[in-house]
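*Asks:* Below are the sequence and a predicted model for it; my questions follow.
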Amino acid sequence: MEKKVEIISQNLIKPKVSHIESFNFSALDQLSPLPHYPIFLYYPHDDQESTNISTKSQQLKNSLSKILSGFYPFAGRLINDNTSISCNNHNNDDFGVLFIEAFAHNYNLQEDILLSGIKTNTCGHFVPTLDSLLQTHLLIVQVTFFECGGMILGCWVSHKLSDATSISTFINNWASTARGGAVDAQLLQTPDFKTGVKVFPPTQKPPPSPFTNLVVNEQQLVSKIFLFDGPSIANLKTKALSKDVPSPTRVEVVSALIWKCVTVSSKSSYSTSYLSHVVNVRKRLVPPLPNGTIGNFLGFSLCTKSERDINELPNLVTIVRKSLLEFPYSKNGTKSLNWDVALDPIIENWKMIGDILSRSSDIELYHFTSWCGVPFYEANFGWGKPKWMSIMELYSKNMILLMDSIDGGIEAWICLEAKHMLEFEQNKDVLAFATIK
């Protein structure tokens, strides 16, 4: 029988308590890309749980309305040439989070998706992709129920409002409200929409987002998922040990191995290879900001290796570690990220990555983002924790996203030119430490 996903209903979920104020973007929000990004959480049926679909749907909608009172900008609309969000929904029927309920006919979540190795380009069935909806709504939620009793929660969220840490904080607060269970203080953070503007006040004429320079679909690109399980990562850490980095992290060793193998696979004529890594600025500020600080708090480490550098794991891990320690690379030598002086070095850091990205068609650049440690797998709405978390197919050349796997390993979502992907997936080191999902 034909497999299809049917839209059952669409509702605008409004905050239970309305707000009249606007949310002004920080300087880093201004620099962040405008497009939305997707998050998918997969919940197989729990045999110990018997809540019907109608009750689950209503529970999700009621709890979403409750938490939007605190996370009110998620229900707002972009105004003033995308420089702020209007949150005044008293007399506007268009305000709110779009909540879509869907049903997957003739699908089995466990057998057809989780066990079959879902392809990166099939996730679009479980969240709407109409441009008109994405231009209107800052957050769109689609809950897809399955005949087997399972559920997929799909979210489209605007990057102007939220980085991965922010949307994880939102989802975990929503989940806790839905299940009415015990509160985990480490997961549940009071949302703070004010501090970002204090530390990084907006500029009158912000420069364009550097991510407009990403190479998108210029060549035939292929996205694949590579799983590094826990034992493989432990083995990698042992092989990466050195005098300079006696205790490498799992993100460092996986990043270094991928960098080693992609540069071999590309057979590049460039004498220098660049690696950038997204940095969570919240942890680097003095004092640090809690994860409940909503917005975009991102910077970029950057490192290079030349033909003269040894293309082996210990050396590459040392290069990656050095770049993270040297962040944010201020020209005047200051590395202080005290709140009162953090703006200039971070803006300088964004300009640096913008310059590199503007030359991405002429240099060999690999752009890494790590969501490892972002607690998406803790989001329990009352029917158990998700068994998998995913995004949609990557669309930019040489982009790599690292995410936790449920067993403590790392999933690397990698986008390369097709000919380079063919070489990469046959690399002996890739075969030794990773499996293709």
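*Replies:* Looks like it arrived, so ask away. Numbers count the residues shown, from 1 in each chain.
*Asks:* use CA for all of it now, contacts and neighbours both
*Replies:* Will do.
*Asks:* got the domain boundaries for the protein?
*Replies:* Annotated domains of the chain cover 4-162, 213-375+383-436 [automatic domain parsing].
*Asks:* Report how many residues lie close to Ile391.
*Replies:* Other residues lying near Ile391 total 20 when counted by other CA atoms under 10 Å.
*Asks:* Low-confidence regions, the stretch 251-400 of the chain specifically.
*Replies:* 269, 329-335 (pLDDT under 70).
*Asks:* where along it do the helices fall?
*Replies:* For the stretch 251-400 of the chain, the helices defined by DSSP state H, counting those that start in this stretch occupy 313-326, 343-358.
*Asks:* so which of these is the most packed in?
*Replies:* By mean neighbour count, with neighbours taken as mean count of other CA atoms under 10 Å, helix 313-326 ranks first of the helices of the stretch 251-400 of the chain at a mean of 20.
*Asks:* list the contacts for the residue positioned nearest the centre of the chain?
*Replies:* The C-alpha lying nearest the average C-alpha coordinate of the chain belongs to Ala164 (CA atoms, centre = their mean; 4.4 Å). With contacts taken as CA atoms under 8 Å, 6 or more residues apart in numbering, Ala164 has the following neighbours: Trp371, Val374.
*Asks:* Switch the domains of the chain over to CSV; also include distance to Lys194.
*Replies:* Shown next, in CSV, are the domains of the chain (distance: least, CA to CA, whole Å):
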stretch, distance to Lys194
domain 4-162, 8
domain 213-375+383-436, 8
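*Asks:* before we move on, back to that, can you lay out the helices of the stretch 251-400 of the chain as JSON lines showing distance to His36?
*Replies:* Output for these, formatted as JSON lines (distance: least, CA to CA, whole Å):
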{"stretch": "helix 313-326", "distance to His36": "27"}
{"stretch": "helix 343-358", "distance to His36": "20"}
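*Asks:* I'd like to know which of those helices lies nearest to Leu221.
*Replies:* Closest to Leu221 of those, according to CA to CA: helix 343-358, at 17.7 Å.
*Asks:* and the closest one, what does it pack onto?
*Replies:* Secondary-structure packing of helix 343-358 (3 or more CA pairs under 8 Å, 6 or more residues apart in numbering; DSSP states H and E): strand 298-306.
*Asks:* The strand it packs on to helix 343-358, inter-axis angle?
*Replies:* For strand 298-306 and helix 343-358, the angle between their directions (axes from the mean of the first three to the mean of the last three CA atoms, to 10 degrees) works out to 50 degrees.
*Asks:* For the stretch 301-437 of the chain, which segments are assigned as strands?
*Replies:* For the stretch 301-437 of the chain, the strands defined by DSSP state E, counting those that start in this stretch occupy 364-370, 388-390, 399-404, 410-417, 435-436.
*Asks:* Quick one: closest of these to Asp47.
*Replies:* Evaluated over the strands of the stretch 301-437 of the chain, closeness to Asp47 peaks at strand 388-390, with 17.9 Å, by CA to CA.
*Asks:* So the spatially closest residue to Ser86 that is not a sequence neighbour versus Lys387, what's the distance?
*Replies:* Once flanking residues are discounted, Ser86 sits nearest to Ser22: 4.7 Å by CA to CA, 6 or more residues apart in numbering. Summarising the geometry, the distance separating Ser22 from Lys387, computed by CA to CA, to the nearest Å, is 37 Å.
*Asks:* before we move on, back to that, what's the closest of the domains of the chain to Gln189?
*Replies:* Among these, domain 213-375+383-436 comes nearest to Gln189, with 4.6 Å by CA to CA.
*Asks:* so how far is the closest one off the chain centroid?
*Replies:* From the chain centre to the centre of domain 213-375+383-436 is a distance of 13 Å (CA atoms, centre = their mean, to the nearest Å).
*Asks:* repeat for stretch 139-156
*Replies:* Centroid separation for stretch 139-156 versus its chain: 18 Å, with CA atoms, centre = their mean.
*Asks:* Give the buried residues for it.
*Replies:* If you call a residue buried by 16 or more other CA atoms under 10 Å, then stretch 139-156 has these buried ones: 139-146, 148-156.
*Asks:* And for that stretch, what's in contact with it?
*Replies:* Outside of stretch 139-156, the residues that reach it under the criterion CA under 8 Å, 6+ apart are 5, 36-46, 53, 74-75, 97-109, 126-128, 134, 138, 157-158.
*Asks:* if I look at the closest residue to Ile310 other than its chain neighbours, how far off is Gln30?
*Replies:* Across the structure, with CA to CA, 6+ apart as the measure, the residue nearest Ile310 apart from its sequence neighbours is Leu316 (7.8 Å). If you measure Leu316 against Gln30 using CA to CA, the figure is 33 Å.
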